[in-house]
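[1] dropping the sequence and predicted coords here.
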Amino acid sequence: MASAPTLATYHRAAPSAPVTDDVEAARPIPVPTPTPTPTYSPPPSSAPAQTPYPSYTPLPPRQTAVAVSGSPRGYAESLVGPAQFACLDPLWDRESGWNAYAQNPSSGAYGIPQALPGSKMASAGPDWATNPDTQVRWGVLDYIDPVYGSPCAALAHENAVGWY
């Protein structure tokens, strides 16, 4: 049985002097010069001083509001921001427990935002009865924003009168 070839079998000894008869080998390889990356500097701000209360900017049109989080709570927070989500979370936790199939037996209110009737949410998508993201989108864009102005205002109303 023949022995397996070793690494030395495949490599020849390096020449003692550099090879100079190859024109390509003697020519230096050009190194490209990296181009600088442009930087962005925002214009000077003339914005008014911040108030100690969380601000709320109305959301862009529905076409740009896309669920990316994988959970109704995460999607809701991506729509309203962390400060307003601190109000939206307990509001909808109290209303439906964030259950897309929650139904109030006495009023018939349905879904995460407890729409009355639930079919109102069809304006946000045909899957309103089963898709939590559609319900969250409707609850924020089509109900809370136009009626209360912000999730914190909706929670304040809920705390004052027992419903929103």
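    Cool, got the structure. Numbers count the residues shown, from 1 in each chain.

[2] tell me how many other residues crowd Tyr164.
    Around Tyr164 there are 22 other residues, counting by other C-beta atoms under 10 Å. For every residue, glycine as well, the C-beta is placed using N, CA and C.

[3] packing partners for the lengthiest helix in the chain?
    Secondary structure of the chain per DSSP state H: the longest helix is helix 72-96. Judged by 3 or more C-beta pairs under 8 Å, 6 or more residues apart in numbering; DSSP states H and E, helix 72-96 is in contact with helix 132-137, helix 151-161.

[4] hey, C-alpha coordinates of stretch 120-128 in PDB?
    Extracted C-alpha coordinates of stretch 120-128, given in PDB (Å, rounded to 0.1, in the frame of the first residue of the first chain):
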ATOM      1  CA  LYS A 120     -66.100  49.400  11.600                       C
ATOM      2  CA  MET A 121     -62.500  48.000  11.500                       C
ATOM      3  CA  ALA A 122     -63.200  46.800   7.900                       C
ATOM      4  CA  SER A 123     -62.000  50.300   6.800                       C
ATOM      5  CA  ALA A 124     -58.500  49.200   7.800                       C
ATOM      6  CA  GLY A 125     -58.600  45.900   6.000                       C
ATOM      7  CA  PRO A 126     -60.800  42.900   5.000                       C
ATOM      8  CA  ASP A 127     -59.100  40.700   7.700                       C
ATOM      9  CA  TRP A 128     -60.300  43.000  10.500                       C
END
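
[5] can you pull the buried residues of it?
    For stretch 120-128, a neighbour-count test (16 or more other C-beta atoms under 10 Å) marks 120-121, 124, 128 as buried.

[6] repeat that for stretch 152-164.
    In terms of neighbour count (16+ other C-beta under 10 Å), stretch 152-164 has its buried residues at 152-155, 158, 164.

[7] Arg137 and Ala124 touch, don't they?
    Yes: with contact defined as C-beta atoms under 8 Å, Arg137 reaches Ala124; the gap is 4.9 Å.
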